[in-house]
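Trainee: no sequence on this one, just coordinates:
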């Protein structure tokens, strides 16, 4: 049985290579080996699926840069200034955002509740002073309210009250300034109503302070998270992406003709 010459030459080369016998390479073999090694060297530009690695990396970087552009420090801080927690939600930290949302909601509920309650108590105080001391407290400041609660009537204020503190102004006894308590126990009730409404208003002011503090903390936290996000994206650009696969083919290497290497870049 005659074997075609090309097949005979291929079988001879395989047998020699398997047996560990090294012969002088022919020009054809040299050209073939050079071509395969050149292709294997160029394989670094392709990923494990055979697609151009540069193209895949450029697409990933483009996507990450787009995300980076949407996570600016200015926007994160602005959103948190408008609604605490919105900056964290914008950056992607939704758990922390819920905490700031909750504090903001509690602050508003507390502020509105204390203002409404304080308004009710103030109206009760004004009505009680009108009914029991013939006093007109609409539009009066805190100082006048205190004098009405401390002295029995306007005459007592102008005499004893101004002796205790000469800098106090003299009040003319007219419809706008007049008061005279019918019973001494009424003053205690009046002072109780006055203290209740003022305490409610102070608590409402505390809620305003809580809103301000919540915004400041949220702004600082959101800007810090946005900066960390930006640093993380920039590091991924510098590192070239953590793990990479390198596929290598060498048909003339009897020990390792095909290799797949996992590389971690630091």
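Mentor: All right, it came through fine. Everything numeric here is computed off the predicted structure, so don't read it as measured data.

Trainee: count of residues packed around residue 104?
Mentor: 19 (other CB atoms under 10 Å). Bear in mind the C-beta positions are built from the backbone N, C-alpha and C, glycine included.

Trainee: Return the residues in contact with it.
Mentor: 83-85, 211, 214 (CB atoms under 8 Å, 6 or more residues apart in numbering).

Trainee: what two of those residues have the greatest distance between them?
Mentor: 85 and 211 (12.2 Å; CB to CB).

Trainee: Comparing the two, which residue is more hemmed in?
Mentor: The neighbour count for residue 85 versus residue 211, taken as other CB under 10 Å, is higher for residue 85 (26 against 18).

Trainee: quick one, phi/psi of the more buried one?
Mentor: Dihedral pair for residue 85: phi 100, psi -20, per degrees, to the nearest 10.

Trainee: For the strand or helix carrying residue 106, buried residues please.
Mentor: Per DSSP states H and E: residue 106 is located in helix 94-133. Neighbour counts using 16 or more other CB atoms under 10 Å place 96-97, 99-101, 103-104, 107, 110-111, 114-115, 117-118, 121-122, 124-126, 128-129, 132-133 of helix 94-133 among the buried residues.

Trainee: Repeat that for stretch 175-189.
Mentor: Within stretch 175-189, the residues that qualify as buried by neighbour count (16+ other CB under 10 Å) are 177-181, 186-187, 189.

Trainee: Could I get these in JSON lines, plus columns for pLDDT?
Mentor: Output for the buried residues of stretch 175-189, formatted as JSON lines (pLDDT from 0 to 100):
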{"residue": "177", "pLDDT": "94"}
{"residue": "178", "pLDDT": "95"}
{"residue": "179", "pLDDT": "96"}
{"residue": "180", "pLDDT": "95"}
{"residue": "181", "pLDDT": "96"}
{"residue": "186", "pLDDT": "94"}
{"residue": "187", "pLDDT": "94"}
{"residue": "189", "pLDDT": "95"}
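
Trainee: Now tabulate the residues you listed in a markdown table and tack on secondary structure and distance to residue 76.
Mentor: As requested, the buried residues of stretch 175-189 are arranged in a markdown table below (DSSP: H, G, I helix; E, B strand; the rest coil; distance: CB to CB, whole Å):
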| residue | secondary structure | distance to residue 76 |
| --- | --- | --- |
| 177 | coil | 56 |
| 178 | coil | 59 |
| 179 | coil | 56 |
| 180 | strand | 62 |
| 181 | coil | 59 |
| 186 | helix | 57 |
| 187 | helix | 55 |
| 189 | helix | 53 |
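
Trainee: between the residues you listed, which is closest to residue 206?
Mentor: residue 189 (26.3 Å).

Trainee: Ignoring the adjacent residues along the chain, who's closest to the closest one?
Mentor: Leaving out its chain neighbours, the residue that sits closest to residue 189 by CB to CB, 6 or more residues apart in numbering is residue 128, at 6.5 Å.

Trainee: can you tell me which residues contact that neighbour?
Mentor: 186, 189-190, 193.

Trainee: Same check on residue 171?
Mentor: By CB under 8 Å, 6+ apart, residue 171 lies in contact with 154, 157-158, 177.

Trainee: From these, pick the one nearest residue 138.
Mentor: Nearest member of the contacts of residue 171 to residue 138, counting by CB to CB, is residue 177, at 12.8 Å.

Trainee: Not counting sequence-adjacent ones, nearest residue to the closest one?
Mentor: Per CB to CB, 6+ apart, closest to residue 177 is residue 171, 4.6 Å.

Trainee: One more: residue 203?
Mentor: Sequence neighbours aside, residue 114 is the residue nearest to residue 203 in space, at 4.5 Å (criterion: CB to CB, 6+ apart).

Trainee: Return the distance of that neighbour relative to residue 215.
Mentor: 19 Å (CB to CB, to the nearest Å).

Trainee: just checking, next helix/strand downstream of the helix holding residue 106?
Mentor: helix 142-150.

Trainee: Average pLDDT for the next helix or strand after that next one, rounded please.
Mentor: Elements were assigned by DSSP H and E; along the chain past helix 142-150, the next helix or strand is helix 154-156. The average pLDDT for helix 154-156 rounds to 94.

Trainee: what do you get for stretch 227-241?
Mentor: The average pLDDT for stretch 227-241 rounds to 61.
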